[in-house]
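Engineer: would you be able to build a 3D model of this:
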Amino acid sequence: HLGRRDEALAIRREIYGKRVARGAPALISAADKVVNAGGNLCCSLINAGRFAEAKALLRDHLVPKARQSLGPDHGLTIDIEEWLSEAIFKDHEASRGDQHSATQLREAETLLQRALPRRRRVFGPAHPKTVWCENELSRVREALAKRA
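Structural biologist: As a prediction, this is how the structure comes out:
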């Protein structure tokens with residue numbers, strides 16, 4: 001988006017809204033399209049530092065929809081859960097670790113602990129997404145250890 005975050009967010013919001021409103025063509029499930037468009041919006045929100053908005057959309061809508069419609073081992077479901085953990089972790093870093101963020105760090109750790117074995121099973125141990133998940137889990141655990 002090259003410095004045009006607000007414009008990119010507006011476009012992604014519009015796409016997500018349209019996907020939710022009308023579904024998708026028969027070749028691709030409506031849930032897949034909605035979750036994918038919502039995930040793209042959340043990535044833009046995270047990159048723009050709008051962590052609370054990303055977390056709310058992920059927690060309240062996208063994670064439950066992905067789990068129910070796509071199943072727990074679908075790559076997009078795992079992506080969505082990892083993006084929630086990323087939003088939580090980046091919000092923790094931005095808030096400089098208040099008590100509320102410690103609770104959320106434990107949530108991020110739980111999400112990543114559940115995602116990692118699925119990543120390994122679905123994608124293999126050397127896949128870049130598996131390696132990212134391992135690294136992110138290490139970062140979250142390091143942040144939790146610093147709080148102890």
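Engineer: phi first, then psi, for G71.
Structural biologist: Per-residue torsions, G71: phi 100, psi 160 (degrees, to the nearest 10).
Engineer: need the nearest residue in space to it, chain neighbours excluded.
Structural biologist: Nearest residue to G71, sequence neighbours excluded (Cβ to Cβ, 6 or more residues apart in numbering): T77, at 6.5 Å. (Each C-beta comes from the backbone N, C-alpha and C, glycine too.)
Engineer: pull the CA atoms of the helix or strand bottoming out on mean pLDDT in the chain into PDB?
Structural biologist: Least confident helix or strand, the chain: helix 5-22 with a mean of 78, by mean pLDDT, DSSP states H and E. These are the backbone C-alpha positions of helix 5-22, laid out as PDB (Å, rounded to 0.1, in the frame of the first residue of the first chain):
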ATOM      1  CA  ARG A   5      -2.800   2.800   4.600                       C
ATOM      2  CA  ASP A   6      -6.100   4.600   5.000                       C
ATOM      3  CA  GLU A   7      -7.000   4.100   1.300                       C
ATOM      4  CA  ALA A   8      -6.000   0.400   1.500                       C
ATOM      5  CA  LEU A   9      -8.100   0.000   4.700                       C
ATOM      6  CA  ALA A  10     -11.100   1.600   3.000                       C
ATOM      7  CA  ILE A  11     -10.800  -0.700   0.000                       C
ATOM      8  CA  ARG A  12     -10.400  -3.800   2.200                       C
ATOM      9  CA  ARG A  13     -13.400  -2.800   4.300                       C
ATOM     10  CA  GLU A  14     -15.400  -2.400   1.200                       C
ATOM     11  CA  ILE A  15     -14.400  -5.800  -0.200                       C
ATOM     12  CA  TYR A  16     -15.100  -7.500   3.200                       C
ATOM     13  CA  GLY A  17     -18.500  -5.800   3.400                       C
ATOM     14  CA  LYS A  18     -19.400  -7.000   0.000                       C
ATOM     15  CA  ARG A  19     -18.300 -10.600   0.700                       C
ATOM     16  CA  VAL A  20     -20.400 -10.700   3.800                       C
ATOM     17  CA  ALA A  21     -23.400  -9.200   2.100                       C
ATOM     18  CA  ARG A  22     -23.600 -11.400  -1.000                       C
END
